[in-house]
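>>> for reference, the sequence and a predicted model appear below.
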Amino acid sequence: MRVPLSWLREYVRVEGGAQEIADALSISTAEVHGVHRVGISGDLELFRVGHVLEAEKHPDADRLQLTSVDVGEDRPYSIVCGAWNFGAGAKVAVALPGATLPNGLTLERRKLRGQLSEGMILAEDELDLGTDHTGIIVLDDALEAGTPLADVLPLVDDVLDLDPTGNRADLFAVYGAAREVAAVLGGELLPLPGEEPQRDGDELVGIGIEDPEGCLRFVGRTFRDVAIGESPLWLKGRLRHAGVRAISNVVDVTNYVMLALGSPLHAYDLDLLHGGLVARRAREGEKVRTLDGVERTLSAEDLVIADGERAVGLAGIMGGEETEVSASTTNVLLEAANFEPIGILRSSERHALRTEGSNRWEKGVDPYVAGQAATYASQLIVKLANGRWTGAEDVQAAMPKPAVIRLRPERASELIGLEVAAQEQAEILGRLGFEQLKSGFRVPTWRARDVTREVDLIEEVARFKLPEIPFALPRRDAMFGRLTRPQRLRRVVEDVLVGAGYAEVYTSTFVADGDLRLPEPLSAEAAAVRTVLYASLLDPARRNADAGEDDVALFEVARVYRDVGEPLPEEHWHVAGIADGGFAEAKWAVEQIYSALGVEPSYERTSEPYLHPGKSARTTEGWLGELHPALLDGTWGAFELDLDALGEAAPQVVAFEEVSPYPEVRRDFAFVVDEDVSAAELLAAIREAAGQLLRELEVFDEYRDPETIGEGKRSLAFRLAFGSLERTLTDEDVAPVSASIVDAVSARFGATLRA
């Protein structure tokens with residue numbers, strides 16, 4: 001959720017700056033990925049309102065105008081411009097020499113086709129307010145030349161990159177974020193935006209609800225003589241900064257109100273509807289062509305909005321193409337409804353169609369805000385599209401009653417671990433909209449889905465007391481128990497990877513898609529539980545790399561789940577890692593883990609769709625390799641190991657082995673074998689044949705040359721060390737062992753000795 005600070009401040013009066021607001025929200029409310037400055041980055045004084053005094057064709061260029069522009073100084077500026085949608089007398093947006101545009105271009109005085117140009121007359125895309133470049137911005141004639149352009153247009157803004165969790169549907173709205181800021185920083189929350197415009201008629205809208213379980217509320221309003229056109233620049237710019245593309249004034253209003261209040265809206269061309277609208281279940285096999293141009297076949301589980309003849313949209317997801325608002329629309333029907341979350345989520349998944357609206361519905365939107373959304377949208381449609389509001393209806397099913405939850409102050413203090421006075425607890429909850437009654441606290445409608453128990457109220461108090469909770473652990477008079485063996489193993493693995501330069505991350509158990517889907521998904525992003533762990537590290541690695549971090553290395557120790565045909569899946573502890581650097585980085589980390597646990601790894605080739613062909617290996621407990629470049633840009637090594645299997649392979653007791661005081665005898669062997677013989681197989685055979693005198697064994701070289709060793713062959717070189725605790729070994733002692741090794745490898749693999 002991108003929240004422009006200028007928009008937020010229209011709903012809350014607060015002293016804090018952008019970073020202070022971001023820090024407060026990140027501690028108490030939701031993750032904040034950062035504060036981004038959008039628009040003009042340079043000196044705003046160099047952007048002004050200009051009054052065009054003269055405008056004539058450039059003497060040496062047919063497509064250019066030569067203008068003289070008053071910018072509030074003691075002389076006019078000469079500016080060459082390529083647009084023709086203005087003339088002498090127009091008020092325009094001007095950037096003077098030295099100004100830096102959002103695209104990084106810094107303007108200079110220079111000659112264009114022989115004429116001096118002192119700056120630029122600006123189009124909306126050059127100020128990052130939209131995408132239009134067909135003409136320059138023509139401003140209100142009442143503005144004075146030299147007026148700072150920042151006083152007229154949203155040239156610059158700070159944008160909060162807020163990442164609410166799925167249970168906080170109220171935060172998917174600018175007003176919801178403002179409500180939190182007011183509570184956290186003690187600001188003044190202003191009333192919900194929107195006032196009813198003057199009504200010009202009492203037209204029958206004709207809306208209804210056939211499925212009250214799927215649609216709790218349906219508000220419909222009609223508007224006549226609507227002038228469809230472009231939105232004003234303040235609205236275009238605000239939508240753009242929030243990450244939404246501007247389309248037309250009426251459609252932009254529906255998107256703007258959705259972002260402001262969190263309740264999605266939809267506008268229909270009233271003249272293309274056959275009768276009124278109704279919320280009902282689709283008929284099996286019924287079809288609708290949605291706004292993306294795709295004809296969709298519906299099932300009886302889909303909730304639709306339909307007129308008297310056919311479905312005209314997938315409720316809460318996307319409207320129909322046949323009734324969309326276009327440039328020829330003059331009459332509009334506005335829909336402000338409230339839909340049940342799970343049904344919208346399932347339809348969205350079934351049709352592989354996800355929108356800004358469905359993203360909010362699936363998390364649960366406050367049904368009581370639909371009326372205010374309709375009011376605000378009506379006000380803006382009348383103001384921006386000169387429409388006449390002629391009719392309104394509000395059909396409601398059984399609206400949920402706000403819950404009242406009892407809170408025991410002493411229980412709250414006990415769970416928080418900090419003494420919080422009952423009066424302070426009530427004051428905190430009051431700032432959040434919880435009304436105190438004799439029987440408890442009434443939950444505000446915008447928090448009805450995630451605050452249902454006493455412990456939820458306690459959590460609300462706790463998140464406001466986090467800065468006061470001491471870092472020291474409480475004193476213990478006695479301690480019982482100890483870590484289990486699996487817990488100790490996980491601690492060892494974590495310590496090893498941290499020591500190897502990896503940073504631990506924590507990601508969600510829930511994923512968007514997978515074999516183990518939830519019967520009641522939390523949201524489209526949390527519709528299944530993960531069966532692999534490495535995939536959860538891709539996004540954190542990508543974000544760190546995109547932020548300019550070097551040598552990114554991340555790991556996670558967490559559970560994954562396997563479907564075993566039972567009602568509940570099996571849980572297994574895994575460790576996964578990802579590092580910038582390719583196969584060698586992954587192999588080195590895996591070797592550190594095996595070494596710390598006292599397990600000898602056994603590698604064999606593997607081929608996995610998520611790993612680079614030819615740069616992957618599998619061990620008994622997992623895999624490692626270089627990530628396939630389609631998954632992540634760059635060269636990345638990754639691994640995933642089953643910690644339960646590693647625990648079984650690790651020795652229960654680490655036995656001391658005496659170090660020999662006598663020197664070792666070292667021998668190197670190079671065997672020529674077929675390509676399909678793995679190094680692990682050779683290592684096992686050598687170890688078995690060498691017997692008790694073997695102290696060390698490693699592969700140190702691989703060689704291929706069809707001319708010298710043959711096609712389809714490779715040479716693997718091994719380094720061995722022999723030793724005894726009783727005496728110094730001689731060549732005669734080692735010779736029979738060496739012969740035994742050569743015989744065993746030759747007999748089992750058809751190997752020949754090169755050296």
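Noted; the coordinates are in hand.

>>> who's in contact with residue 120?
Residue 120 is in contact with 79, 81, 94, 95, 99, 101, 107, 126, counting by C-beta atoms under 8 Å, 6 or more residues apart in numbering. C-beta: built from backbone N, CA, C; applies to glycine.

>>> quick check, residue 642 in contact with residue 572.
Yes: Residue 642 lies in contact with residue 572 (C-beta atoms under 8 Å); the separation is 6.0 Å.

>>> of the two, who's got more company?
Legend: neighbour count by other C-beta atoms under 10 Å for residue 642 and residue 572, higher for residue 642 (20 against 15).

>>> relative to residue 618, how far out is that one?
12 Å (C-beta to C-beta, to the nearest Å).

>>> most surrounded residue in the contacts of residue 120?
Neighbour tally across the contacts of residue 120 (other C-beta under 10 Å): the maximum, 31 neighbours, falls on residue 94.

>>> quick one: secondary structure of the closest residue to that residue other than its chain neighbours?
Leaving aside its sequence neighbours, residue 94 sits nearest to residue 50 (C-beta to C-beta, 6 or more residues apart in numbering; 3.7 Å). Secondary structure state of residue 50, per DSSP: H, G, I helix; E, B strand; the rest coil, is strand.

>>> return the residues in contact with residue 50.
Counted by C-beta under 8 Å, 6+ apart, residue 50 has contacts 69, 70, 71, 77, 79, 91, 92, 93, 94, 121, 145.

>>> so which of those residues sit within strands?
Judged by DSSP state E, the contacts of residue 50 include 69, 70, 77, 79, 91, 92, 93, 94, 121 as members of strands.

>>> let's see if you can find the most crowded of those.
The ones in strands among the contacts of residue 50, ranked by neighbours (other C-beta under 10 Å): first place residue 94, 31 neighbours.

>>> residue ranges with poor pLDDT in the stretch 451-600 of the chain?
473-474, 479, 522 (pLDDT under 70).

>>> model confidence for the residue nearest the centre of the chain, exactly?
The chain has residue 163 as the residue nearest its centroid, 7.2 Å off, counting by C-alpha atoms, centre = their mean. At residue 163, the pLDDT value in this model is 90.

>>> list the contacts of the helix or strand bottoming out on mean pLDDT in the chain.
None of the helices or strands of the chain scores lower by mean pLDDT, DSSP states H and E than strand 604-605, at a mean of 82. If you take C-beta under 8 Å, 6+ apart as the criterion, strand 604-605 is touched by 616, 617, 618, 619, 678, 680.

>>> show me what the next helix-or-strand element following it is packed up against.
Using DSSP states H and E, the helix or strand that follows strand 604-605 in sequence is strand 611-619. Packing contacts for strand 611-619, counted by 3 or more C-beta pairs under 8 Å, 6 or more residues apart in numbering; DSSP states H and E, involve helix 583-597, strand 604-605, strand 622-627.

>>> in strand 611-619, which residues are buried?
611, 612, 615, 616, 617, 618, 619 (16 or more other C-beta atoms under 10 Å).

>>> next one: stretch 99-118
Those would be 99, 100, 101, 102, 107, 112, 117, 118, for stretch 99-118 by 16+ other C-beta under 10 Å.

>>> ends of that stretch, how far apart?
Counting by C-alpha to C-alpha, to the nearest Å, you get 11 Å between the two ends of stretch 99-118.

>>> ditto for stretch 292-311
16 Å.

>>> what mean pLDDT does that stretch have?
Mean predicted lDDT for stretch 292-311 stands at 94.

>>> could you do stretch 617-632 as well?
Computed over stretch 617-632, the average pLDDT equals 91.

>>> can you tell me which helix in the chain is longest?
With secondary structure taken from DSSP state H, the chain has its longest helix at helix 731-749.

>>> elements contacting that helix?
Using 3+ C-beta pairs under 8 Å, 6+ apart: helix 731-749 touches strand 665-674, helix 679-690, strand 713-722, strand 752-753.

>>> measure the residue nearest to residue 417 when sequence neighbours are not counted to residue 599 for me?
Of all residues not flanking residue 417 in the chain, residue 469 sits nearest, at 6.4 Å (C-beta to C-beta, 6+ apart). Distance of residue 469 to residue 599, given as C-beta to C-beta: 41 Å.

>>> so for those two, which residue has more residues nearby?
Applying other C-beta under 10 Å to residue 469 and residue 599 shows that residue 599 carries more neighbours, namely 19 against 11.

>>> the residue nearest to residue 417 touches residue 420, doesn't it?
No: using C-beta under 8 Å, residue 469 makes no contact with residue 420, being 10.5 Å away.

>>> what's the local residue count around residue 45?
Residue 45 has 12 nearby residues by other C-beta under 10 Å.

>>> hmm, it is touching residue 148, no?
Yes: using C-beta under 8 Å, residue 45 makes contact with residue 148 at a distance of 7.0 Å.

>>> following the one helix or strand residue 460 maps to, which helix or strand comes up?
Assigned by DSSP H and E, residue 460 belongs to helix 454-465. Moving toward the C-terminus from helix 454-465, the next helix or strand (DSSP H and E) is helix 485-499.

>>> need the contact list for the nearest residue to residue 561 once chain neighbours are set aside.
Leaving aside its chain neighbours, residue 561 sits nearest to residue 569 (4.2 Å; criterion: C-beta to C-beta, 6+ apart). Applying C-beta under 8 Å, 6+ apart, one finds that residue 569 lies in contact with 516, 529, 561, 562, 563.

>>> now do residue 569 against residue 623, distance only.
Distance, residue 569 to residue 623, using C-beta to C-beta: 21 Å.

>>> likewise residue 538?
Following C-beta to C-beta, the distance that separates residue 538 from residue 623 is 16 Å.

>>> so how far is stretch 570-584 off the chain centroid?
Relative to the chain's own centre, stretch 570-584 is displaced by 22 Å; criterion: C-alpha atoms, centre = their mean, to the nearest Å.

>>> now stretch 682-702
With C-alpha atoms, centre = their mean, you get 49 Å for stretch 682-702.

>>> what's the nearest residue to residue 372 if we skip its chain neighbours?
Setting aside the residues directly before and after it, residue 372 is nearest to residue 192 in space (C-beta to C-beta, 6+ apart), at 5.1 Å.

>>> wait, the one you found sits on residue 263?
No: using C-beta under 8 Å, residue 192 makes no contact with residue 263, being 10.8 Å away.

>>> identify the contacts common to these two.
What both residue 192 and residue 263 touch, as defined by C-beta under 8 Å, 6+ apart, is the set 369, 372.

>>> please say which of the two ends up with more neighbours.
residue 263 (29 against 16).

>>> any idea which helix or strand carries the more buried one?
Using DSSP H and E, no helix or strand contains residue 263.

>>> my guess is it contacts residue 371. True?
No: taking C-beta under 8 Å as the definition, residue 263 is not a contact partner of residue 371, at 9.2 Å.

>>> got any residues that touch both of those two?
Both residue 263 and residue 371 are in contact with residue 336, where contact means C-beta under 8 Å, 6+ apart.

>>> outside of the longest helix of the chain, which residues touch it?
With C-beta under 8 Å, 6+ apart as the criterion, helix 731-749 contacts 665, 667, 669, 671, 673-674, 677, 681-682, 685-686, 688-691, 693-694, 720, 722, 724, 751-753.

>>> same check on stretch 195-211?
For stretch 195-211, contacts defined as C-beta under 8 Å, 6+ apart pick out 215, 217-222, 224, 275-281, 303, 333, 375, 378-379, 382-383, 388-393, 395, 397.

>>> give me the buried entries from the residues you listed.
215, 217-222, 224, 276-281, 303, 333, 375, 378-379, 382, 388-393, 395, 397.

>>> now, the residues you listed that are in strands?
215, 217-222, 224, 277-281, 303, 333, 388-393, 395.

>>> give me the pLDDT for residue 661.
In this prediction residue 661 is given a pLDDT of 89.
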